[in-house]
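Asker: this is a predicted model, with the sequence first.
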Amino acid sequence: ANESGAVHVGIATFQDIDVDGHTNLDNVSVAGVTTFSGGSVIINPTGANHSTLTINSQESNDTIGPIINLSRNNGFFSSTEPLGEIRFVANSNKNYGKITGRTTNTGSGTEDGKIQVSAIKNGTETVVTEFTHNGVDIPFDLDVDGHTNLDNVSIAGVSTFAAQIYHTAQGSNTAKITLN
């Protein structure tokens, strides 16, 4: 309490607050736009098994939300240039997996991009899947457990079957499989 006996809790200001140096703020609520420039935002949670970052959208219609933009605005981009990444890091900053957005064509009106998923394989970061406008590229074995329905399958190379091969052509008695 001050001399008048009034108790003041908190600070109210209608002007900017400029803090030089380290400031420890507990339970900060920001209404409006917040901009961080010239550095990184680091979140160090205590405890486990809880959400570290939650982004809530108050949209109540068919509008998409929330939206996360990984935006890179440095002018000219060359082909195959990385635009942004989400990394999965452990043990002294070792990347165990990442999702990377890249350019593949930067010509005006012909822009193309791809999403790469990488993982550690035998200690080396390896692209395990790529998503492009042409489809999905999986450069390693594809292991499918259970029933899989595949249309228009083209196999280049060796195919190994561990059981019988069945072929059924609907409405036709001319179905056949030729083995050479």
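Answerer: Yep, that arrived. This one's a predicted model, so the numbers in the text were calculated from it and none came from an experiment.

Asker: how many residues are close by E130?
Answerer: 19 (other CB atoms under 10 Å). Any C-beta I mention is one placed from the backbone N, CA and C, and that applies to glycine too.

Asker: one more: R102?
Answerer: Around R102 there are 19 other residues, counting by other CB under 10 Å.

Asker: residues of the host helix or strand of it that come out buried?
Answerer: Element membership for R102 (DSSP states H and E) is strand 94-105. The neighbour-count check on strand 94-105 (16 or more other CB atoms under 10 Å) flags K98, I99, T100, G101, R102, T103 as buried.

Asker: may I see the residues you listed organised as CSV, with pLDDT added?
Answerer: Shown next, in CSV, are the buried residues of strand 94-105 (pLDDT from 0 to 100):
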residue, pLDDT
K98, 95
I99, 96
T100, 94
G101, 93
R102, 91
T103, 88
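
Asker: identify the farthest-apart pair in those residues.
Answerer: K98 and T103 (16.8 Å; CB to CB).

Asker: which stretches of the protein form strands?
Answerer: 82-90, 94-105, 112-121, 124-132, 135-137 (DSSP state E).

Asker: can you put those strands in a markdown table and add distance to V144?
Answerer: Shown next, in a markdown table, are the strands of the chain (distance: least, CB to CB, whole Å):
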| stretch | distance to V144 |
| --- | --- |
| strand 82-90 | 24 |
| strand 94-105 | 21 |
| strand 112-121 | 18 |
| strand 124-132 | 15 |
| strand 135-137 | 14 |
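
Asker: of the ones you listed, which approaches G39 most closely?
Answerer: When these are compared for distance to G39 using CB to CB, the nearest one is strand 82-90, at 17.7 Å.

Asker: got the contact list for that closest one?
Answerer: By CB atoms under 8 Å, 6 or more residues apart in numbering, the residues outside strand 82-90 that reach it are 70-72, 77, 95-103, 113.

Asker: can you lay out those as a markdown table showing distance to D143?
Answerer: Output for the contacts of strand 82-90, formatted as a markdown table (distance: CB to CB, whole Å):
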| residue | distance to D143 |
| --- | --- |
| L70 | 31 |
| S71 | 36 |
| R72 | 35 |
| F77 | 36 |
| N95 | 24 |
| Y96 | 20 |
| G97 | 18 |
| K98 | 22 |
| I99 | 21 |
| T100 | 24 |
| G101 | 27 |
| R102 | 26 |
| T103 | 31 |
| G113 | 28 |
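
Asker: if we can go back for a sec, for the buried residues of strand 94-105, which one is nearest N61?
Answerer: Distances from N61 to those, taken by CB to CB, are shortest for G101, at 27.8 Å.

Asker: ok, the closest one to N69 distance?
Answerer: 11 Å (CB to CB, to the nearest Å).

Asker: so what sits against both of those two?
Answerer: What both G101 and N69 touch, as defined by CB under 8 Å, 6+ apart, is an empty set.

Asker: so how many other residues sit close to the closest residue to N95 other than its chain neighbours?
Answerer: Spatial nearest neighbour of N95, chain neighbours left out: R87 (5.3 Å); criterion: CB to CB, 6 or more residues apart in numbering. By the criterion of other CB under 10 Å, R87 has 13 neighbours.

Asker: appreciated, that's everything.
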